[in-house]
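**Student:** need coordinates for the below:
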Amino acid sequence: MAAGTFNIYAASEIFGAVKFVGANAVGPMLQVDFPNVMFRPANPIGLIQEEWGQLQITGEVLVDDTGIFGTLTHPDTALVSPLTSQYYIGKGVVSIDIGSTGTFTDIGNVPVFEFAPDIQTLPHFSSRYGVRAKDLEVITEKNASLNITMDEFTYKNLMLAFLGEAVVGP
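**Tutor:** This is a model prediction of the structure:
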């Protein structure tokens, strides 16, 4: 075992890719890939506490060069509702590839992994009737973030939570 040291808040940003592979017992085994994510600390990091420690980060999901935020793969596109076998209790493995090198690292037990969409719209109202009536609404902005809670205080997970950069040298 080798010790490692990093400087806290030394990185102004940490970019990478995130992969979720379903391992649930109930519902479809989904795979979700986010190729361009910017990580940020999300909550205080308890270094003294009476509960299990957790590291919470937010990942701002950014579009790639084609305007895509990511992909979701479902195991069977022929299934149609109503279908109780498609009810879902989420479980799975979350892996992160810092710097998008093509090598994903499992970040351990993740009790919370949420995709949080944020859509802004611009409504249009017709003035052709006695009362102004909405006749169209268009999306003007698409944002999304990932809420990730990690249980394991590994060196790499801590670097994400503290925006750390490794100390190089003696």
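
**Student:** which parts of this structure are helices?
**Tutor:** In the chain, the segments counted as helices under DSSP state H are 155-161.

**Student:** so what's the gap between the lengthiest strand in it and the chain middle?
**Tutor:** Secondary structure of the chain per DSSP state E: the longest strand is strand 133-150. Averaged C-alpha coordinates place strand 133-150 at 15 Å from its chain's average position (Cα atoms, centre = their mean, to the nearest Å).

**Student:** need the residue closest to the centroid of the chain.
**Tutor:** Leu146 (2.7 Å; Cα atoms, centre = their mean).

**Student:** what about the strands in this structure?
**Tutor:** With DSSP E as the criterion, the chain has strands at 6-7, 14-22, 31-41, 55-61, 71-73, 92-98, 105-106, 112-126, 133-150, 165-166.

**Student:** format the CA atom coordinates belonging to the longest one as CSV.
**Tutor:** Read it as strand 133-150. Provided in CSV are the C-alpha atoms of strand 133-150 (Å, rounded to 0.1, in the frame of the first residue of the first chain):
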residue,chain,number,x,y,z
ALA,A,133,-54.1,31.4,-24.7
LYS,A,134,-51.0,29.4,-24.9
ASP,A,135,-50.6,28.0,-28.4
LEU,A,136,-46.9,26.9,-28.3
GLU,A,137,-44.0,26.3,-26.0
VAL,A,138,-40.5,25.5,-27.2
ILE,A,139,-37.4,24.3,-25.4
THR,A,140,-34.8,27.1,-25.3
GLU,A,141,-32.2,25.5,-22.9
LYS,A,142,-31.2,22.0,-21.9
ASN,A,143,-29.1,21.3,-18.8
ALA,A,144,-28.6,18.2,-16.8
SER,A,145,-26.6,17.1,-13.8
LEU,A,146,-25.7,13.9,-12.0
ASN,A,147,-26.1,13.6,-8.2
ILE,A,148,-23.6,11.0,-7.0
THR,A,149,-23.1,9.8,-3.4
MET,A,150,-20.1,7.6,-2.8
